[in-house]
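1. Turn this into a model:
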Amino acid sequence: MLIAVGHSVIPESNRHGHGGIASFGLALGFCLMMALDTALG
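-> So this is what the prediction gives:
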């Protein structure tokens, strides 16, 4: 699922000049998801 979202969100953001922010947000969201999964699991 992460790869599917990354392949659709990041190229679209690169067209508008926000690729770095989109990549950072995707990585941050993934880390937050993993932390919550570990803490609540």
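
2. what's the offset of stretch 28-41 from the middle of its chain?
-> Counting by CA atoms, centre = their mean, to the nearest Å, stretch 28-41 is centred 13 Å from the centre of its parent chain.

3. Any chance you could list what contacts it?
-> Contacts of stretch 28-41 with the rest of the structure, by CB atoms under 8 Å, 6 or more residues apart in numbering, involve Leu2. Any C-beta I mention is one placed from the backbone N, CA and C, and that applies to glycine too.

4. Going by length in residues, pull out the top helix of this structure.
-> helix 19-40 (DSSP state H).

5. how many other residues sit next to the closest residue to Asn14 other than its chain neighbours?
-> Spatially, and ignoring its direct neighbours in sequence, Asn14 is nearest to Ala22 (7.7 Å; CB to CB, 6 or more residues apart in numbering). For Ala22, the neighbour count with other CB atoms under 10 Å is 17.

6. isn't Ala22 right up against Ser8?
-> No: when contacts are counted by CB atoms under 8 Å, Ala22 is not listed as touching Ser8 (10.5 Å).

7. Give me the nearest residue to Ser23, chain neighbours excluded.
-> Ile10 (5.9 Å).

8. Please look at that neighbour and Gly25 and confirm they touch.
-> No: with contacts counted by CB under 8 Å, Ile10 stays clear of Gly25, the gap being 9.7 Å.

9. quick one: the residue nearest the centre of the chain and Gly6, what's the gap?
-> Centroid-nearest residue in the chain: Leu26, 1.4 Å away (criterion: CA atoms, centre = their mean). Separation of Leu26 from Gly6 (CB to CB, to the nearest Å): 6 Å.

10. Repeat that for Phe30.
-> From Phe30 to Gly6 the distance is 9 Å (CB to CB).

11. what do you get for Asn14?
-> 12 Å.
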